[in-house]
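Quick one, structure for this:
(chains A and B)
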Amino acid sequence: MVYSKPVYQSQYENFIGGEWIAPINGEYFDNLSPVDGELLTKIPRSSTADVDAAVTAAKKAFESYKHFSVIQRSDMLNKIADKIEANLEFLAISETLDNGKAVRETLAADLPLVVDHFRYFAAVIRSEAGSVADLDENTISQEIYEPLGVVAQIIPWNFPLLMAAWKIAPALAAGNCVVIKPASATPLSILLLMETIQEVLPKGVVNVINGAGGKIGKHLSTHPDIKKVGFTGETTTGQLIMQYATENIIPSTLELGGKSPNIFFPSVMAQDDDFLDKAIEGLVLFAFNSGEVCTCPSRALIHESIYEPFMKRVLERVKAISQENPLDASTKMGAQASLNQKEKILEYIRIGKEEGAQCLIGGEAYENKTYPKGNYIQPTIFKGHNKMRIFQEEIFGPVLCVTTFKDEAEALSIANDTIYGLGSGVWSRDMHEVHRMSRGIEAGRVWVNCYHLYPSHASFGGYKKSGIGRETHMMMLNAYRHTKNILTSFTQKPLGFF
Amino acid sequence: MALQRVVATPEALNVIELLKKEYGELVFNQSGGCCDGTAPMCYEKKDFHVPSRNVKLGEVGGCEFFIDPDQFEYFRYCQIILDVKEEKSAFGNSFSLEIDEGYQFITLSRLLQSDE
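Numbering: from 1, shown residues only, chains lettered A, B, ... in the order given. Next up, the predicted model:
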């Protein structure tokens, strides 16, 4: 089935205080689709004055939203989820047009996960509680949670809606108001999300401001009324945001990418069964989301004893990855998010060849006859060693680097020889081997005999230069609230000190 | 001739001059990681505290260019060529200054030869 392109407005505005507000300077930029290189719509190129308006609207909304009961917040999050679910197909197609990823992914992964994320946080706030300590017969200590206030959230372009949901849902659940800055490569789907949910959203609780990060990002991150910044992106801007956060002494949560190892032990091939089939697919998941995933399993470590037969099966599976039309539900891999990204990936493919890595499949742009102006790359696998740049730098495309190992110690050493520590995968039928590896890998997520699963109730975040803080899971609520201690004495007698 | 670890194309130098007019002194730091990673970030010099252990690769257009020491290990044998793309539509989500002007700096690289 091929989905048709919806009709969009020729121009969108910022979403501030529950209204669609034109940028004060009247400037807009073109939003092109990476699918076909055609104009989707025009998006505000905001200035610092628009940021001020958004923060002011959020601050005003917080004065009433902070009094919303847990039941009211939970009901609102459930209504948001229902609205998204009712418009799932439209939002999924729009996400494909905005980002380039294949529509089968947005229909089956991105949007259902967005819906679930709002429902998850609607549920957990109904069932959690602060705590009370009975310190002595006359002294009670209460730990009470209170929201931070207005928080800024800067969204990446690889999962525009899902990463927005990961940030918006816990922030609203904890009682905050938010100012969102979508990635300027992928602004449309978040604006369509706002159109979808605006009826059930109190005015000013969520505000969306568009434009490039350089000017408005700084103004937003250093605004004295912003009480936290959440950011997903690259390392240097992450450092800059931490530096900005020192100005007002506020926290920041940073998710900065990875170079995740996916490790295959000999027992994977002990039988030719469903599990072997699952493991092969687990390796080929490097092509999921066109490789534009922070946790992309971009380094495959395969035991030398199974390398040849395992890779033979893998290459057959990679050959079966269909490209061409991302709006066709049978297409397996879509476009890269921008022309720049496509060119960066091609530069890495060039570097890999220059470094002497062996290209096993792909290694070129994909010439798309349906959409010659779109940004397409063939799924590519290099064989090389872990000291090569292509094994160390995040390519953010469908480029897998494969190497072999001789024993568990070497596998662990290669796995941890990276500046990042976000995702990882371990594939084995030996539970003891799995346990030792899982504990030894320095990463925030170890997928065991699976990969690329993102349930709401499992924490996600990085070790090392992959960032600070966690997303998803109810522990995320504490990243968006204060703990207030109320210490009450019920004795009428003085201390006797003075 | 002294080893040049970073050079800039004439187009990149033009954009640096354009940005200097608006922002004053600039600094570059090679980034890594998610999304717009492995791209050079261009910030106001007074705005970005360059991590004290970062390695200075050189200067382009009168601006210092730094890299994280761990990343330098893998760039050690490369020369970085700072280039720029005109990007009227699809910028990323970084805070690099050129993006607002409709450009994006990129790093190309070439392996250094033994006589360098």
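
quick one: what helix or strand has the closest residue to A:E347 other than its chain neighbours in it?
With sequence-adjacent residues excluded and distances taken as C-beta to C-beta, 6 or more residues apart in numbering or on different chains, A:E347 is closest to B:L108, at 6.3 Å. Quick note: C-beta positions are derived from backbone N, CA and C, even for glycine. Assigned by DSSP states H and E, B:L108 falls within strand B:103-111.

what lines up beside that strand in the sheet?
strand B:78-86 (antiparallel) (DSSP bridges).

Pull out the buried residues from the strand it pairs with.
B:C78, B:Q79, B:I80, B:I81, B:L82, B:D83, B:V84, B:K85 (16 or more other C-beta atoms under 10 Å in any protein chain shown).

remind me which residues of the chain are low pLDDT?
Using chain A. Scanning chain A for pLDDT under 70 picks out nothing.

please go with chain B instead
B:1, B:88-91.

Next, work out how far apart the residue nearest in space to the middle of chain B and A:G17 are.
In chain B, the residue lying closest to the centroid (C-alpha atoms, centre = their mean) is B:P40, at 3.6 Å. Per C-beta to C-beta, to the nearest Å, B:P40 is found 37 Å from A:G17.

Likewise for A:V178?
For A:V178 relative to A:G17 (C-beta to C-beta), the value is 13 Å.

more neighbours, those two?
A direct count of neighbours by other C-beta atoms under 10 Å in any protein chain shown for A:V178 and A:G17 places A:V178 higher, at 25 against 17.

A strand includes the more buried one, no?
Yes. The assignment for A:V178 is a strand, going by DSSP: H, G, I helix; E, B strand; the rest coil.

residues in contact with it?
A:A58, A:V150, A:V151, A:A152, A:Q153, A:K167, A:I168, A:A171, A:L172, A:V205, A:V206, A:N207 (C-beta atoms under 8 Å, 6 or more residues apart in numbering or on different chains).

With distance to A:D430 as added columns, please give the buried residues of strand B:78-86 in JSON lines.
Below are those laid out as JSON lines (distance: C-beta to C-beta, whole Å):
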{"residue": "B:C78", "distance to A:D430": "40"}
{"residue": "B:Q79", "distance to A:D430": "46"}
{"residue": "B:I80", "distance to A:D430": "44"}
{"residue": "B:I81", "distance to A:D430": "47"}
{"residue": "B:L82", "distance to A:D430": "49"}
{"residue": "B:D83", "distance to A:D430": "49"}
{"residue": "B:V84", "distance to A:D430": "51"}
{"residue": "B:K85", "distance to A:D430": "48"}
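
which one of the residues you listed is nearest chain A?
Comparing the buried residues of strand B:78-86 against chain A with C-beta to the nearest C-beta places B:K85 closest, at 5.8 Å.

Okay, and the beta partners of that closest one?
Here B:K85 sits in beta bridges with B:Q104, going by DSSP bridges.

ok, the residue nearest to A:I24 when sequence neighbours are not counted to A:V206 distance?
Distance criterion C-beta to C-beta, 6+ apart; nearest residue to A:I24, sequence neighbours excluded, is A:A49 at 4.6 Å. With distances taken as C-beta to C-beta, A:A49 is found 20 Å from A:V206.

Which of the residues in whatever helix or strand A:L91 lives in are classified as buried?
According to DSSP H and E, A:L91 maps onto helix A:88-99. Under the neighbour-count criterion of 16+ other C-beta under 10 Å, helix A:88-99 has A:L88, A:L91, A:A92, A:I93, A:S94, A:E95, A:T96, A:L97, A:D98, A:N99 buried.

Touching, the first one and A:L111? I think so.
In other words, A:L88. Yes. A:L88 is within contact range of A:L111, at 4.9 Å (criterion: C-beta atoms under 8 Å).

Could you confirm whether the longest helix along chain B reaches chain A?
Determined from DSSP state H, the single longest helix within chain B is helix B:10-23. No. If you take C-beta under 8 Å from any C-beta of the partner chain as the test, helix B:10-23 misses chain A, and the best it gets is 9.0 Å.

That helix packs against which elements?
Applying 3 or more C-beta pairs under 8 Å, 6 or more residues apart in numbering or on different chains; DSSP states H and E, one finds that helix B:10-23 contacts strand B:26-30, strand B:40-44, strand B:55-60, strand B:78-86, strand B:103-111.

residues contacting the spatially most central residue of chain A?
The residue lying closest to the centre of chain A (C-alpha atoms, centre = their mean) is A:M163, at 4.2 Å. Listed by C-beta under 8 Å, 6+ apart, the contact set of A:M163 reads A:I155, A:P156, A:T232.
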